[in-house]
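Undergrad: Next come a sequence and a model predicted from it.
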Amino acid sequence: MPYRLHRCVECPKCHTRYILGANPYGNGSYIVSHDTVESDLRRLFCTCRLPDYHEFKLNEMKAYAASHSVYERGYGSPDEIVLLGDEQKQAS
């Protein structure tokens, strides 16, 4: 199955990975800008930890590989959205 490269953020609690640009997500999670501080700071509000959030910076994000169907959904598990470099380990 062909994979596409995406920038993603992972929820530190449930480990669901969210593809940027697919916001809001079908599971009720969403990402918002933090308008009072640095312009690249974002907050992930994952359904597993509402009303708490996970803060992250856009410039610290990593590249991931995801199939087209997962890209269309916008989020997935670590088995579905794989950190680049790890996809070769999973294939073996």
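TA: Yep, it's here. Numbers count the residues shown, from 1 in each chain.
Undergrad: Give me the number of neighbouring residues for Glu80.
TA: Number of residues near Glu80 (other CB atoms under 10 Å) recorded here: 17. Where you see a C-beta, it was placed from the backbone N, CA and C, and this is true even at glycine.
Undergrad: Touching, it and Ala66? I think so.
TA: Yes: using CB atoms under 8 Å, Glu80 is in contact with Ala66, at 6.5 Å.
Undergrad: Quick one: mean pLDDT over the lengthiest strand in the chain.
TA: In the chain, assigned by DSSP state E, the strand with the most residues is strand 3-10. The average pLDDT for strand 3-10 rounds to 90.
Undergrad: So for it, what gets flagged as buried?
TA: Under the neighbour-count criterion of 16 or more other CB atoms under 10 Å, strand 3-10 has Tyr3, His6, Cys8, Val9, Glu10 buried.
Undergrad: Contacts for stretch 6-22, please.
TA: Outside stretch 6-22, the residues within contact range by CB atoms under 8 Å, 6 or more residues apart in numbering are 25, 27, 29, 31, 42, 44, 46, 48-49, 54, 56, 58, 61-66, 70-71, 73-78, 80-81.
Undergrad: Poorly predicted segments of this protein, please.
TA: Low-confidence segments of the chain (pLDDT under 70): 1-2, 36-38, 86-92.
Undergrad: how does it look with 80?
TA: Counting by pLDDT under 80, the chain contains low-confidence residues at 1-2, 34-38, 85-92.
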